[in-house]
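Trainee: give me coordinates for this.
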Amino acid sequence: MLIFLLFFQFADAQLNKIPEGLMSFPAIDKKLDDAKKDLGGFVSALVWKDGKIIYQKNIGTDFNTKTQVPVAAVSEWLTAALVMSFVDQGKISLGDKVSTYLPFFSKYSKGYITIKDCLAHLTGIESEPVRLSNLFGRKKYASLQEEVEEYAAKKEIQSNPGLEFRFSNIGYAIAGRVLEVITKRSFEQLMQERITRPLMMRNTSFSSFGAVNPAAGGMSTAYDLTNFLSMLLNKGSFNGKTILSEKAVTDMQTIYTTPAMIKYAPKAGEGYNYGLGNWIVEANENNIGTVLAVPGLAGTWTMIDKCRGYSLVIVTKGDLGDEKRNLWMEIKSMLDAQLPVTQCK
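Mentor: Alright, predicted model coming up:
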């Protein structure tokens with residue numbers, strides 16, 4: 001009997017043992033377990049630091065770090081990186097007018113909108129608030145070309161470009177179409193060639209039966225998004241290969257808004273400034289972000305903390321209700337309590 005009990009004591013210890021290389025974050029485990037119902041019953045969380053995964057938690061049957069989910073606004077971070085890869089090559093610049101590549105924008109009095117305006121939600125073109133209902137139920141355009149031409153012809157200008165921030169899909173659709181025009185390739189092909197394939201993001205795509213959606217149409221996984229965020233933390237490098245220049249990464253993380261400029265932001269982004277593709281939660285004295293985040297309405301949250309050198313990805317099957325932002329920020333605080341500031345890169 002004694003031998004029998006000793007065996008099960010050893011077996012239980014093995015079951016509760018933290019896998020090699022991972023750290024223990026019991027407070028985060030409890031927080032996610034307690035929030036399971038609110039998160040739709042399915043959660044996958046990953047924390048990456050110093051070249052490896054240091055925390056991993058999966059909740060729900062067959063839901064794990066390689067489960068593909070809609071990532072909504074996180075798509076913008078990927079699209080901004082894709083655009084910056086062309087800036088790195090000198091094929092476009094952030095200050096270029098969209099009308100240089102899409103001349104019909106000048107015809108409809110929108111000739112001064114720049115690539116940067118598109119990526120920073122500063123086009124000035126009227127837009128509807130972003131909600132889950134119009135995220136997945138939006139009009140099905142036959143192509144990105146058709147969608148963008150409608151924005152030019154039928155949407156009014158609410159402010160001069162570069163002056164007012166309104167979070168929407170419009171700027172990213174325009175930027176995506178510019179890339180298609182200059183390359184004569186589809187947006188999905190370009191994303192695969194320049195971002196997802198080099199970053200080994202095998203389960204990430206923007207494929208669509210209608211027009212591709214560069215702002216909110218991405219499907220990805222916790223594992224794939226961690227690869228993308230690790231590249232940003234490594235100043236544009238992944239597995240020894242340069243995906244983006246350090247300058248391109250810095251440009252993405254630079255503040256381009258002020259609180260007075262922000263006329264509409266989703267609840268999860270309220271109170272933050274915006275860079276190119278990401279919200280800037282904290283910044284240094286040079287207005288370069290040190291904590292960057294992108295909440296997706298479909299329930300995905302991505303974040304990097306440059307001062308502590310980690311990335312956090314949480315994907316769920318729930319939606320991003322207003323209360324979820326508090327949950328994610330509480331989890332970040334729990335991480336910060338165990339991961340000291342090393343250096344703000």
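Trainee: could you report the neighbour count for the closest residue to Met252 other than its chain neighbours?
Mentor: Excluding its sequence neighbours, the residue lying closest to Met252 (C-beta to C-beta, 6 or more residues apart in numbering) is Leu276, at 4.4 Å. For every residue, glycine as well, the C-beta is placed using N, CA and C. For Leu276, the count of nearby residues is 25 (other C-beta atoms under 10 Å).
Trainee: over to Ser333?
Mentor: Ser333: 11 neighbours (other C-beta under 10 Å).
Trainee: again, but for Pro340
Mentor: Pro340 has 9 neighbours, counted by other C-beta under 10 Å.
Trainee: would you check how far apart it and Ile243 are?
Mentor: Pro340 sits at a distance of 28 Å from Ile243 (criterion: C-beta to C-beta, to the nearest Å).
Trainee: one more: Val249?
Mentor: 9 Å.
Trainee: do Leu94 as well
Mentor: 18 Å.
Trainee: more neighbours: these two, which one.
Mentor: More crowded of Leu94 and Ile243, by other C-beta under 10 Å: Ile243, with 22 against 18.
Trainee: can I assume that one is in contact with Pro198?
Mentor: Yes: Ile243 lies in contact with Pro198 (C-beta atoms under 8 Å); the separation is 5.6 Å.
Trainee: and for the residue nearest to Asp50 when sequence neighbours are not counted, the neighbour number?
Mentor: Excluding the flanking residues, the one nearest Asp50 by C-beta to C-beta, 6+ apart is Gly309, at 6.5 Å. Neighbour count for Gly309, taken as other C-beta under 10 Å: 20.
Trainee: what do you get for Lys37?
Mentor: Residues near Lys37, counting by other C-beta under 10 Å, number 8.
Trainee: again, but for Gly171
Mentor: Neighbour count for Gly171, taken as other C-beta under 10 Å: 30.
Trainee: which residues does it contact?
Mentor: Contacts for Gly171 (C-beta atoms under 8 Å, 6 or more residues apart in numbering) come out as Asp117, Cys118, Leu119, Ala120, His121, Leu122, Thr123, Ile125, Ala215.
Trainee: leaving out chain neighbours, which residue sits closest to it?
Mentor: Distances taken as C-beta to C-beta, 6+ apart put Cys118 closest to Gly171, at 3.6 Å, once the chain neighbours are dropped.
Trainee: quick one: Lys306 from Val148, how far?
Mentor: From Lys306 over to Val148 (counting by C-beta to C-beta), the distance is 34 Å.
Trainee: what's the answer for Ser333, then?
Mentor: On the measure of C-beta to C-beta, Ser333 and Val148 end up 41 Å apart.
Trainee: next, count neighbours for Tyr264.
Mentor: Neighbours around Tyr264, by other C-beta under 10 Å: 16.
Trainee: check what pLDDT it gets.
Mentor: On the pLDDT scale, Tyr264 is placed at 94.
Trainee: what values do phi and psi take at it?
Mentor: Main-chain dihedrals, Tyr264, degrees, to the nearest 10: phi -150, psi 130.
Trainee: isn't it right up against Pro129?
Mentor: Yes: with contact defined as C-beta under 8 Å, Tyr264 reaches Pro129; the gap is 6.2 Å.
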